[in-house]
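[1] fold the following and give me the result.
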Amino acid sequence: MTGANSFQVSGYGPERAGWTRLFARDSLARRLDWTMLLSAIALSLIGSLLVYSATRNRTELNQDDPYYFLVRHLLNTGIGFALMIGTVWLGHRTLRTAVPILYGVSVFLILLVLTPLGSTINGAHSWIKLPGGFSLQPSEFVKITIILGMAMLLATRVDAGDKQYPDHRTVVQALGLAAVPMLIVMLMPDLGSVMVMVVIVLGVLLASGASNRWVFGLIGTGTMGAIAVWQLGVLDDYQIARFAAFANPELDPAGVGYNTNQARIAIGSGGLTGSGLFHGSQTTGQFVPEQQTDFVFTVAGEELGFIGGGLIIVLLGVILWRACRIARETTELYGTIVAAGIVAWFAFQAFENIGMTLGIMPVTGLPLPFVSYGGSSMFAVWVAVGLLQSIRVQRPMSA
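    Numbering: from 1, shown residues only. Got it, this is the predicted structure:
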């Protein structure tokens, strides 16, 4: 960008401002969306307390160290925050030029999951074991790659002024780009991540201005594909059992319906104000499985009550609101599509995670953004925040 109404920050354009201007007048830091940033930080800190409450007595998991998961969660948050800063510094436009490399790396990583290097955790074969007891879930980063890749294809000719809307050929190319990693993730199988990716694709298409026929066609194709997957037996037995338990929680209350039933008991027992942090009987008694990850919202519901659970939802809503505002105010279609894809991702994943703890959505193993324990998820959502902040700071300034 050039002219009086433009602003050069580190990592953008030929005039690299450098870190010395980070807190100067009209600097990068002053142009960040601090409402979104502080909301994300608050969610991560609340998540730290909930993770600690859920794991401090789990000696079979925490290696006899009650602070084991707390320290690692805070470390993951710190690394994620650093990745956010790095993403802002590089800029979404710089990352746009690196999409082919990022896409190739992400596809390579999810292919590795299908090799002997992949490992199964909680029934999902979607992880790569790393030295030091760490693990990586590549599908979390594929969500970012799909957003960036589709945005690059759909916006190139529009931002150049050649087209007003993406043409049919461009839409087909964008859908093909998204289909490759989605099919690989389905083979793992990681149904929850595929569901998020489908919603991302829909959000991206809607934001791009593509013909509504593509949106309706994709919904119809997805519905028929889901039916085919069910009929052909592609899903594992545990995934089929989860959907059966969602349809009828009383079908096997001591088996596949156990998680959902215990989660609803924990949340229901919290009432308005909760039983108090670290004083939840369901949490202390370890009745709800995977409380530090998939079912972390049950800790908030039981120990912080309706008020605490509502606060988490409000903070997530603030992040979505600010992201929608960024998508609306940016002057380039590429930025609009990226922001809209992130909104679709965060909104659906949060709804699915909280919904499954309430019994209104099937159990799919999706983490609650910023709150659940897990390095891959935490890194990915903070990179997404970095992309949103980058889009915001690149807006032309008023004279």
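
[2] what sits up against stretch 301-315?
    By CB atoms under 8 Å, 6 or more residues apart in numbering, the residues outside stretch 301-315 that reach it are 39-40, 42-43, 46, 50, 53, 266-283, 297, 300, 350, 354, 357, 368, 371. (Each C-beta comes from the backbone N, C-alpha and C, glycine too.)

[3] for that stretch, what is the average pLDDT?
    On average, the pLDDT along stretch 301-315 is 96.

[4] quick one on the thing from earlier: could you turn the buried ones of the contacts of stretch 301-315 into a PyMOL selection?
    Buried residues among the contacts of stretch 301-315 (16 or more other CB atoms under 10 Å), as a PyMOL selection:
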select buried, resi 39+40+43+46+50+53+266+267+269+270+274+275+277+280+282+283+297+300+350+354+357+368+371
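
[5] for L183, grab the count of nearby residues.
    Using other CB atoms under 10 Å, L183 has 10 other residues around it.

[6] look up how far I110 lies from it.
    10 Å (CB to CB, to the nearest Å).

[7] element containing L70?
    Mapping L70 onto the secondary structure by DSSP states H and E places it in helix 68-90.

[8] so what secondary structure elements neighbour that helix?
    On a contact count with 3 or more CB pairs under 8 Å, 6 or more residues apart in numbering; DSSP states H and E, helix 68-90 meets helix 34-55, helix 59-62, helix 375-393.

[9] make a markdown table out of those and add distance to L28 and mean pLDDT.
    Formatted as a markdown table, these follow (distance: least, CB to CB, whole Å; pLDDT from 0 to 100):
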| stretch | distance to L28 | mean pLDDT |
| --- | --- | --- |
| helix 34-55 | 12 | 96 |
| helix 59-62 | 39 | 77 |
| helix 375-393 | 6 | 95 |
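
[10] okay, and the helix or strand of this protein with the least pLDDT?
    Every helix and strand in the chain was compared by mean pLDDT, DSSP states H and E; the lowest is helix 237-247, with a mean of 60.

[11] what lies in contact with the very next helix or strand once past the helix holding L70?
    Once the chain leaves helix 68-90, the next helix or strand it forms, by DSSP H and E, is helix 92-97. Here helix 92-97 makes contact (CB under 8 Å, 6+ apart) with 11-12, 87, 102, 148, 151-152, 334-335, 338, 387, 390-391, 394.

[12] so for the helix holding L70, mean pLDDT?
    Averaged over helix 68-90, pLDDT sits at 94.

[13] and that helix, what's buried?
    Residues 68-70, 72-74, 76-77, 80-81, 83-84, 87-90 are the ones in helix 68-90 that count as buried (16+ other CB under 10 Å).

[14] E352 contacts G365, doesn't it?
    No. The criterion here is CB atoms under 8 Å, and E352 misses it with G365 at 9.8 Å.

[15] number of residues surrounding I101?
    So I101, with other CB under 10 Å, has 10 neighbours.

[16] checking it next. Helix, strand or coil?
    Following DSSP: H, G, I helix; E, B strand; the rest coil, the label given to I101 is helix.

[17] re the thing from before, shared neighbours of E352 and G365, anything?
    Here E352 and G365 have G192 as joint contacts, going by CB under 8 Å, 6+ apart.

[18] and G118, backbone torsions?
    phi -80, psi 160 (degrees, to the nearest 10).

[19] for it, give me its contacts.
    Taking CB under 8 Å, 6+ apart, one finds L112, H125, S126, W127, I128, M188 in contact with G118.

[20] got it, and A347?
    Counting by CB under 8 Å, 6+ apart, A347 has contacts L320.

[21] i'd like the first residue to be 198 from this point on
    I'll keep to 198 as the first residue from here, and by that count the last item is A544.

[22] how about it, secondary structure?
    A544 falls in the helix class when you classify it by three-state DSSP.

[23] hang on, the earlier thing: between the helices and strands packed on helix 265-287, which one is nearest to G514?
    Nearest to G514 among the helices and strands packed on helix 265-287 is helix 231-252; the distance by CB to CB comes to 8.9 Å.

[24] check which helices and strands that closest one is in contact with.
    If contacts are counted by 3+ CB pairs under 8 Å, 6+ apart, helix 231-252 sits against helix 265-287, helix 493-500, helix 502-526, helix 572-590.

[25] so which helix or strand takes in the residue nearest to L308 when sequence neighbours are not counted?
    Leaving aside its chain neighbours, L308 sits nearest to I381 (6.3 Å; criterion: CB to CB, 6 or more residues apart in numbering). According to DSSP H and E, I381 maps onto helix 365-384.

[26] using PDB, write out every CA atom in that helix.
    Written as PDB, here are the backbone C-alpha positions of helix 365-384 (Å, rounded to 0.1, in the frame of the first residue of the first chain):
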ATOM      1  CA  HIS A 365     -16.800 -21.400 -11.800                       C
ATOM      2  CA  ARG A 366     -13.400 -22.700 -12.800                       C
ATOM      3  CA  THR A 367     -11.800 -20.900  -9.800                       C
ATOM      4  CA  VAL A 368     -14.400 -22.400  -7.400                       C
ATOM      5  CA  VAL A 369     -13.700 -25.900  -8.700                       C
ATOM      6  CA  GLN A 370     -10.000 -25.400  -8.200                       C
ATOM      7  CA  ALA A 371     -10.600 -24.100  -4.600                       C
ATOM      8  CA  LEU A 372     -12.800 -27.000  -3.800                       C
ATOM      9  CA  GLY A 373     -10.300 -29.500  -5.200                       C
ATOM     10  CA  LEU A 374      -7.600 -27.900  -3.000                       C
ATOM     11  CA  ALA A 375      -9.700 -28.400   0.100                       C
ATOM     12  CA  ALA A 376     -10.900 -31.900  -0.900                       C
ATOM     13  CA  VAL A 377      -7.400 -33.500  -0.900                       C
ATOM     14  CA  PRO A 378      -6.500 -33.000   2.800                       C
ATOM     15  CA  MET A 379     -10.200 -33.600   3.800                       C
ATOM     16  CA  LEU A 380     -10.200 -37.000   2.200                       C
ATOM     17  CA  ILE A 381      -6.900 -37.900   3.900                       C
ATOM     18  CA  VAL A 382      -8.300 -36.800   7.300                       C
ATOM     19  CA  MET A 383     -11.400 -38.900   6.600                       C
ATOM     20  CA  LEU A 384      -9.200 -42.000   6.100                       C
END
